[in-house]
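**Q** Show me the folded form of this:
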Amino acid sequence: MLSEGEVRRFAEDGWIVVPDLVGGEILDALDDTVDQLVSAAPPPPGHVGHHFYWLTSAEHPVLFAPLEAADGILAAAGDLLGGERVEVAFDQAQVALNIPPYSHRPGRPHIDGYAPDQQTPGTFTLLAGLLLSDQTKDNGGNLWVWPGTHLAHAGYFGASGPEGFAAAGGYPDVELPEPTQVRGRRGDVLLAHYLLGHNIGGNDESDRTRRAMYWRLRAEGHEARWDKCLSDPWLEYAGVRRTIGR
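**A** The predicted model follows:
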């Protein structure tokens, strides 16, 4: 499903956007559900910037439909993991809005899963993000990513051990490249390595709310080896290892 070029870009940069991975009927059903969520629990009056809804499969099963569709998100993730069974971490879907005008520019990235005094961080294998609205220009609510930081972070954890997560207060002090804003169209899907640094961008050059959905995916058995995954970025990525010869 994924081309060799896409897998190699993922290995180098830590992320790719797969075009047209989710089709119209599923997108329309998701839009209807998001409309219902916003109507039932709207953002506070005057609120700008990010606004999230976190749902389980029992609450809104339609939000998990894009994962299971034939040649869909789990299938693409499976190409990277190379036969490992892929599951939804935390039984959780995230609806992510970014409401204009929001002039925010993130100063640095973050890695998901850290919380102060949390004994075991909430790690996973792969972040999948579905664009529900076009994001073809910068500063329209785009997610920001720092290419290659998945490898820099793995090097940090290789030297510090998993306890380096808490020691760094959730974000390692690594040399950062220039960030990139993720662009794509409705129905495109972002696949990003768990260790890739990313953050919320601004929405001040668009006049409409950015809509996206995210799922945290993990290889079956991840909880038993999460600490090793921090220092070995390809431990759960047999498909990537085969392609890059590791």
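
**Q** Poorly predicted segments of this structure, please.
**A** For the chain, applying pLDDT under 70 flags no range at all.

**Q** could you pull out the helices for it?
**A** With helices called from DSSP state H, the chain shows them at 4-13, 24-40, 65-68, 73-81, 149-160, 164-167, 226-231, 238-244.

**Q** Most tightly packed of those helices?
**A** helix 73-81 (a mean of 21; mean count of other CB atoms under 10 Å). Bear in mind the C-beta positions are built from the backbone N, C-alpha and C, glycine included.

**Q** Report the distance from that helix to the chain centre.
**A** Distance, stretch centre to chain centre, for helix 73-81: 14 Å (CA atoms, centre = their mean, to the nearest Å).

**Q** Pull the contacting residues for the closest residue in space to T120 that isn't next to it in sequence.
**A** Of all residues not flanking T120 in the chain, W226 sits nearest, at 7.3 Å (CB to CB, 6 or more residues apart in numbering). Residues near W226 by CB atoms under 8 Å, 6 or more residues apart in numbering: 120-121, 123, 162.

**Q** would you turn the helices of the chain into a markdown table with distance to G141?
**A** As requested, the helices of the chain are exported to a markdown table (distance: least, CB to CB, whole Å):
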| stretch | distance to G141 |
| --- | --- |
| helix 4-13 | 21 |
| helix 24-40 | 14 |
| helix 65-68 | 20 |
| helix 73-81 | 21 |
| helix 149-160 | 21 |
| helix 164-167 | 28 |
| helix 226-231 | 30 |
| helix 238-244 | 29 |
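
**Q** Which among these is found nearest to V95?
**A** helix 24-40 (5.6 Å; CB to CB).

**Q** helices and strands around that closest one, which ones?
**A** Under the contact criterion of 3 or more CB pairs under 8 Å, 6 or more residues apart in numbering; DSSP states H and E, helix 24-40 touches strand 49-55, helix 65-68, strand 86-99, strand 210-219.

**Q** Buried deepest among the ones you listed, which one?
**A** Highest mean neighbour count among the helices and strands packed on helix 24-40 (mean count of other CB under 10 Å): strand 210-219, with a mean of 23.

**Q** how much does that one deviate in direction from helix 24-40?
**A** Angle between the axes of strand 210-219 and helix 24-40 is 110 degrees (criterion: axes from the mean of the first three to the mean of the last three CA atoms, to 10 degrees).
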